[in-house]
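[1] Below: sequence and its predicted model.
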Amino acid sequence: AVQHLPGFLSEDDLAAIHRLAARVRQRQGTAGNWSHTVERLHREGGRTVFVNHHLADELPGLYARMLRAAHDADRHLWGGELLARRHGLALRSAEYHVV
């Protein structure tokens, strides 16, 4: 199931995410943070920068809001089952797609 959250990201959030992706891309160049495979480029029409832990490190307020939203969705959609089975929820992957 998916929980749609209209308006979750503000214009400021989006701008911060754009800046974060640019910083990650600049710091790491092509050493592993971009996907360059022909198949992926064809499928996505662009490139992907993996911001994963950078999101928590550099945008902690947004990261915390995302986790709260995940916890709320778990309670709303599954009665808190995911939180009950695990020692908390974490963000597994955060990808910034350039299309």
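    Okay, I see it. Keep in mind that what you see is a predicted model, and the values were worked out from it rather than measured.

[2] which parts of stretch 3-23 are buried?
    Counting neighbours by 16 or more other C-beta atoms under 10 Å, one finds that the buried residues in stretch 3-23 are 16-17, 20-21. Placement of C-beta: from N, CA and C, glycine included.

[3] Kindly report the same for stretch 91-98.
    Neighbour counts over stretch 91-98 (16+ other C-beta under 10 Å) mark 94, 96 as buried.

[4] any chance you could map the helices in this protein?
    11-28, 38-44, 52-58, 60-78, 81-85 (DSSP state H).

[5] Show me what the last one is packed up against.
    In terms of contacts (3 or more C-beta pairs under 8 Å, 6 or more residues apart in numbering; DSSP states H and E), helix 81-85 is packed against helix 60-78.

[6] I'd like the mean pLDDT over the helix it packs on, please.
    The average pLDDT for helix 60-78 rounds to 90.

[7] Could you do stretch 16-27 as well?
    What stretch 16-27 shows for mean pLDDT is 91.

[8] Look up phi and psi at the most far-flung residue of the chain relative to its centre.
    Most distant from the centre of the chain: Gly79, at 23.7 Å, with distances by C-alpha atoms, centre = their mean. Gly79 adopts backbone torsions of phi 70, psi 30, taken as degrees, to the nearest 10.

[9] quick one on the thing from earlier: let's have the helices of the chain in CSV, adding distance to Gln3.
    Shown next, in CSV, are the helices of the chain (distance: least, C-beta to C-beta, whole Å):
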stretch, distance to Gln3
helix 11-28, 17
helix 38-44, 24
helix 52-58, 19
helix 60-78, 4
helix 81-85, 12
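
[10] okay, the ones you listed, which one's buried deepest?
    Greatest average neighbour count among the helices of the chain goes to helix 52-58 (a mean of 16), per mean count of other C-beta atoms under 10 Å.

[11] dump the residue contacts of Ala56.
    Going by C-beta atoms under 8 Å, 6 or more residues apart in numbering, Ala56 touches 63, 91.
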